[in-house]
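A.B. asks: coordinates only, no sequence provided:
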């Protein structure tokens, strides 16, 4: 048993570094109302500031999604931590809106380098035969880290001094510790090449991956779209319509969605990837309906239920998608293929978020949210029907 624990230590430490990086990407979430008060910008600006992060992620995934396959996992993650540190510095210096844009862009660059590289790295650090458990560690680190960000920032903003400074100072310290941990971990790419060997290339999929990629991408887009809109505007909705001005509560509500996603990922391991994809869409459908009810009735309990149910649905679908795509990918291109999946996912985070921001002025935040939910209900229902049809016909069913 002790030997087994030692064998898993590098994998778990890699997951901890992953958590720190992803926590930084959601750290500003419960602080947006404070920034609105300080700088006096609109709801549209909030959503654009949030979406700048997604554009940074997509840009890196498109331009350097294969970087860690080329130069190695550790050098790529070092760059990711450097961008995370620079993002924290921007927020610490923020005395105008431009600093927020810069901080979010740098955060997106960090996450773009981490998503594919850290996922592949955590899997490769696992002991032999531990691929399934390592997949759970990687996806849980991703979503768990996203949940820790708003929770940490909300608690510090509510109960500690300097609410717009202390969260980022703490994160900067955690990034420094993560850099030391990364220095201790081994490299898993056998033949690393210099940075000059990295070349931008269009997203492409090996032939054997394409059969499982389409349903995986559909499920990922839907789940991340729900998270994107929920994360960007829920603090404002809670404060404006429900009278919840406690930053810790706002951060906790957002964090619940990400923690529920981790629970959904655990459940997906038992259900299996083939069934988890359509099941995740069905649960996401229920989460959207609950969120619609919360917007219509202004009930905090329904917001919490929507976060929990929607998060579970996203976790079911996302782990199934990641497992299927990773299993079908050649080892030397695994990070690049995983990065392609995240391109689709982060497109779901960015475009709907900006759409809600554009509609918030003429329709109000509630009205914009209801329009978003109506669109997503159509998409979720279509995706679920598509996945069920594939299962029934047995066409290209994903395999773990």
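C.D. replies: Structure's in. What do you need? Since this is a predicted model, take the numbers as computed values, not measurements.
A.B. asks: make it CA atoms for all contacts and neighbour counts henceforth
C.D. replies: OK.
A.B. asks: flag the shaky bits of this structure, pLDDT-wise.
C.D. replies: With pLDDT under 70 as the threshold, the chain has low-confidence stretches at 1-6, 65, 195-204, 273, 335, 387, 390-400.
A.B. asks: can you point me to the longest helix in it?
C.D. replies: With secondary structure taken from DSSP state H, the chain has its longest helix at helix 334-393.
A.B. asks: how far off centre is that helix?
C.D. replies: The gap between where helix 334-393 is centred and where its chain is centred comes out at 14 Å by C-alpha atoms, centre = their mean, to the nearest Å.
A.B. asks: next one: stretch 22-42
C.D. replies: Computed by C-alpha atoms, centre = their mean, the separation of stretch 22-42 from the middle of its chain amounts to 17 Å.
A.B. asks: same deal with stretch 207-219?
C.D. replies: Between the mean C-alpha position of stretch 207-219 and that of its chain there is a distance of 19 Å (C-alpha atoms, centre = their mean).
A.B. asks: now the helices for the protein?
C.D. replies: Remark: helices assigned in the chain by DSSP H are 2-26, 32-39, 43-64, 67-71, 73-93, 97-125, 131-159, 166-184, 207-241, 247-271, 273-297, 300-328, 334-393.
A.B. asks: what comes up buried for the fifth one?
C.D. replies: Of the residues in helix 73-93, those buried by neighbour count under the rule 16 or more other C-alpha atoms under 10 Å are 73-78, 80-92.
A.B. asks: now swap in the first one and tell me
C.D. replies: Of the residues in helix 2-26, those with enough neighbours to count as buried (16+ other C-alpha under 10 Å) are 8-26.
A.B. asks: right, so of the helices of the chain, which gets closest to residue 192?
C.D. replies: helix 67-71 (4.7 Å; C-alpha to C-alpha).
A.B. asks: which other helices and strands contact the closest one?
C.D. replies: Here helix 67-71 touches helix 73-93, helix 334-393, going by 3 or more C-alpha pairs under 8 Å, 6 or more residues apart in numbering; DSSP states H and E.
A.B. asks: quick check: which of those helices is buried the most?
C.D. replies: Of these, the one with the most neighbours on average (mean count of other C-alpha atoms under 10 Å) is helix 73-93, at a mean of 22.
A.B. asks: for it, name the packing helices and strands.
C.D. replies: Right, helix 73-93 is packed against helix 2-26, helix 67-71, helix 97-125, helix 166-184 by 3+ C-alpha pairs under 8 Å, 6+ apart.
A.B. asks: export those to a markdown table and tack on distance to residue 54?
C.D. replies: Written out in a markdown table, the entries for the helices and strands packed on helix 73-93 read as follows (distance: least, C-alpha to C-alpha, whole Å):
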| stretch | distance to residue 54 |
| --- | --- |
| helix 2-26 | 10 |
| helix 67-71 | 19 |
| helix 97-125 | 6 |
| helix 166-184 | 20 |
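A.B. asks: of the ones you listed, which approaches residue 292 most closely?
C.D. replies: Shortest separation from residue 292 across the helices and strands packed on helix 73-93 is recorded for helix 2-26, at 23.3 Å, computed as C-alpha to C-alpha.
A.B. asks: make TSV out of the helices and strands packed on helix 67-71 and add distance to residue 251.
C.D. replies: As requested, those are arranged in TSV below (distance: least, C-alpha to C-alpha, whole Å):
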stretch	distance to residue 251
helix 73-93	18
helix 334-393	18
